[in-house]
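Peer 1: everything below, folded, please.
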Amino acid sequence: MSEQLQNGPSPPGYIIRKARPEDCGHIVTMIKELAEHDGLGHKVAITEDKLREDGFGDNPYFHCFVAETTPDSTTESTQIVGYAMYFFMYCTFVGRVIFLEDFFVYPQFRGSGIGTELMKRVAQVGVETKCTKCEFIVHDENSRARRFYEKLGAVNSTVEGEWRRFFWYKFDMPSMEKLASR
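Peer 2: Got it, this is the predicted structure:
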């Protein structure tokens, strides 16, 4: 990836950078906070070690950007205040797709441009890797997030008509194991 992706302009007082293995504790904390916000805190089973293993090996299952405060005249420490986690998938209709799995900025840092910059970085990756679209899911009660994404140009595909005829299914681990052993 280009150097611009890693070191492009960021909101004042913050940098947006690729996540590193040592960031996993902070990312897990934000994952839990996001899940709590969506009423799904009881579902979070990810650990720092699992996140590190899955995202920072030879074949990562996800990629991630973090937003980090920069030191100033009052403090030399930094703080991770947001993240955008994504992975790649394939759509037989259109080809390559970048999927935004998680996106979070601590409430006290919202409105500062950090979220826009995180989304911009994910979009840059999608463009560089020749993805045809970026997809993500937003909780139906999170109207603030929906307005944010729409302001950036995202389209709610559930109102496009034809996608309302489809349902989202999943196999959990016990179901996959049962199916795999048939």
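
Peer 1: CA atoms for contacts and neighbours, from now on please.
Peer 2: Will do.

Peer 1: what does stretch 101-113 contact?
Peer 2: 11, 30-31, 34, 81-87, 114-115, 136-137 (CA atoms under 8 Å, 6 or more residues apart in numbering).

Peer 1: and stretch 50-57, by the same measure?
Peer 2: Contacts for stretch 50-57 (CA under 8 Å, 6+ apart): 20-21, 24, 28, 60-63.

Peer 1: what do you get for stretch 174-182?
Peer 2: Contacts for stretch 174-182 (CA under 8 Å, 6+ apart): none.

Peer 1: cool, stretch 121-136 as well?
Peer 2: For stretch 121-136, the surrounding residues in contact (CA under 8 Å, 6+ apart) are 1, 5, 65, 84, 86, 94-101.

Peer 1: show me those that map onto strands.
Peer 2: 65, 84, 86, 95-101 (DSSP state E).

Peer 1: of these, select the buried ones using a ChimeraX command.
Peer 2: The ChimeraX command for the buried members of those (criterion: 16 or more other CA atoms under 10 Å) is given here:
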select :65,84,86,96,97,98,99,100,101
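
Peer 1: strands along the chain, start to end?
Peer 2: Using DSSP E, strands in the chain cover 14-18, 63-69, 80-91, 95-105, 133-135.

Peer 1: what strands line up against the third one, and which way round?
Peer 2: Pointing back at strand 80-91 there. Here strand 80-91 has these sheet partners by DSSP bridges: strand 63-69 (antiparallel), strand 95-105 (antiparallel).

Peer 1: right, I'll leave it there.
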